[in-house]
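Asker: No sequence on hand, only this structure:
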């Protein structure tokens, strides 16, 4: 396969995954919820532990 | 073998005045002089700068911090004023930032000495450690084998005792793969734990800077200095930085360690599987509760993460590629061109999906276990010549297979500590990774430290003679 054909096929495969899954997304789902998920799933720090810069 | 056995040991020796910063720096420079022509860990060595800094630190009455006088080296995508930043391209001035890389500046503020800038795969796009401009990095355990990438020089420099620690960056496995191939320890922190400011971006959403050193304790020492909020990086978390060194000493009894029953052991080398399962059993013998766990399909995370990374890398690097095509080799150009084919619609859907996948993973996994134990590399470091042969299609597929066990945790943003867990019959390092919930670097470092107190894989060094 030529490099150009390969690039098209590679991207088409990945876009197929996105198309299959994105139909399930609700209107409220936005990229920033990724950061929110990380912050909300973090273990609760012990009182007095750690330091903020 | 170097007398500089680990970053922690050297930091302790300097603190106790059994070793001076100048002596430590001279030993690293001597090893670079002796071995680097063969192993290609460095792109730029700053011997005069390192020695001058060591003399200044030695003359100071007090200590700047816990890394006072410890010689480190940095992947050549970290901007440091006065030194070139090639990012592994053919242009020594490929990347400039307004200020020094925050993570480097914080290590220097803690007393570290800058030895120089480390080799890497071009633009951090690659899993094997090859570089057409600066020479392929060579694995100290067997120079015919790949080093892992993209932080190839970081892996080699630490494994070969040329530096006590290094910064690597990890967009799909680029800290953990070279750590695994070179037999050292490397931590990809949680997304946002370490500022990305002053480091060349490959993918804003998936890039992570982290420490690479000989032990989990070394990584904890480095992370302590590197982590924390940064006004220069809006994605750096304002969350307080725990005391990672104190956390190392906490007991691991009762910690739930999950060994996945899907994806991570499928199609991997038998020696790797055996070593990783043995490592999990060792954690069990130390008091952890080891159990099987089923994960939401990590391949979906890999696919979504690839769309995001490829789009962002094209957006970042297509301009320089068009303006200065000679800076880049054909493989890097082809990878950028691939990203140009992703529509904005799909890129944004991928970002939305990533958020959902992170929530799903958290809901289904962290209720069952506290940490995952999984392989890093699907096989011991392959021959470099084999890794690089064939068409773009074949090489790209090989990259995808080699990073398939690390990339999910970039997409999910989770902390992952890679550490050695044995050697193959051919004498190549084997490795596993401990993956924790967001911002639980303390948890994976504690477990890694307990494992390294019970084993000696991390103390073994290659015979460079």
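Answerer: Sure, I can see it. Just so you know, these numbers come straight off a predicted model, no measurement behind them.

Asker: what's the residue nearest the centre of chain B in contact with, if anything?
Answerer: Among the residues of chain B, the one closest to the centroid is residue B:175, at 1.8 Å (C-alpha atoms, centre = their mean). Listed by C-beta atoms under 8 Å, 6 or more residues apart in numbering or on different chains, the contact partners of residue B:175 are B:151, B:154, B:168-169, B:186-188, B:208, B:210, B:212, B:418. C-betas here are computed from N, CA, C, even on glycine.

Asker: Also residue B:218?
Answerer: B:6-8, B:164-165, B:185, B:211.

Asker: for the chain, longest helix please?
Answerer: No chain in the question, so chain A it is. Of all the segments of type helix in chain A, defined by DSSP state H, the longest one is helix A:3-22.

Asker: Oops, wrong one, chain B.
Answerer: helix B:298-323.

Asker: Roughly how far does the residue nearest to the centre of chain B sit from residue B:209?
Answerer: 9 Å (C-beta to C-beta, to the nearest Å).

Asker: what do you get for residue B:439?
Answerer: Counting by C-beta to C-beta - residue B:439 and residue B:209 are separated by 15 Å.

Asker: what's the following helix or strand after the helix or strand where residue B:274 lies?
Answerer: Using DSSP states H and E, residue B:274 maps to helix B:270-285. Helices and strands here follow DSSP H and E; after helix B:270-285, the next one along the chain is strand B:289-293.

Asker: which of the contacts of residue B:175 come close to chain A?
Answerer: The subset of the contacts of residue B:175 within reach of chain A, by C-beta under 8 Å from any C-beta of the partner chain, is empty.

Asker: higher neighbour count, residue B:439 and residue B:209?
Answerer: Using other C-beta atoms under 10 Å in any protein chain shown, the more surrounded residue of residue B:439 and residue B:209 is residue B:209, with 30 against 27.

Asker: Skip the chain neighbours and tell me the closest residue to residue B:426.
Answerer: Of all residues not flanking residue B:426 in the chain, residue B:380 sits nearest, at 6.7 Å (C-beta to C-beta, 6 or more residues apart in numbering or on different chains).

Asker: Quick check: the gap between residue B:25 and residue B:53.
Answerer: 8 Å.

Asker: what touches both of those two?
Answerer: Counting by C-beta under 8 Å, 6+ apart, the residues touching both residue B:25 and residue B:53 are residue B:113.

Asker: Pull up the per-residue confidence for the spatially closest residue to residue B:417 that is not a sequence neighbour.
Answerer: What sits nearest to residue B:417 in space, not counting adjacent residues and going by C-beta to C-beta, 6+ apart, is residue B:444, at 4.3 Å. Note on residue B:444: pLDDT of 98.

Asker: Up against chain B, what does chain A have?
Answerer: Checking chain A against chain B by C-beta under 8 Å from any C-beta, the hits are A:1, A:3, A:6-8, A:10-11, A:14-15, A:17-19, A:21-22, A:24-25, A:29-39, A:41-43, A:45, A:49-53.

Asker: Drop anything exposed from those residues.
Answerer: A:6-7, A:10-11, A:14-15, A:17-18, A:21-22, A:29, A:31, A:33-35, A:37-38, A:41-42, A:50 (16 or more other C-beta atoms under 10 Å in any protein chain shown).

Asker: for residue B:235, what are its contacts?
Answerer: With C-beta under 8 Å, 6+ apart, residue B:235 has these contacts: A:35, B:191-192, B:196, B:204.

Asker: if you skip the residues just before and after it, what's nearest to residue B:284?
Answerer: Using C-beta to C-beta, 6+ apart, the closest residue to residue B:284 is residue B:290 (4.1 Å).

Asker: So the one you found sits against residue B:283, correct?
Answerer: Yes - using C-beta atoms under 8 Å, residue B:290 is in contact with residue B:283, at 6.2 Å.

Asker: So between these two, which is more surrounded?
Answerer: residue B:283 (24 against 18).

Asker: mind checking how far residue B:456 is from residue B:59?
Answerer: From residue B:456 to residue B:59 the distance is 38 Å (C-beta to C-beta).

Asker: still on that earlier bit, ok, of the contacts of residue B:235, which one's closest to residue B:405?
Answerer: residue B:191 (18.2 Å; C-beta to C-beta).

Asker: ok, and the closest non-adjacent residue to that closest one?
Answerer: Here the residue nearest residue B:191, using C-beta to C-beta, 6+ apart, is residue B:413, at 3.4 Å.

Asker: For the one you found, give me phi and psi.
Answerer: phi 70, psi 20 (degrees, to the nearest 10).

Asker: so what's the residue nearest to residue B:309 when sequence neighbours are not counted up against?
Answerer: Among residues not flanking residue B:309 along the chain, residue B:203 sits closest, at 4.1 Å (C-beta to C-beta, 6+ apart). By C-beta under 8 Å, 6+ apart, the contact list for residue B:203 reads B:171, B:308-309, B:312-313, B:316.
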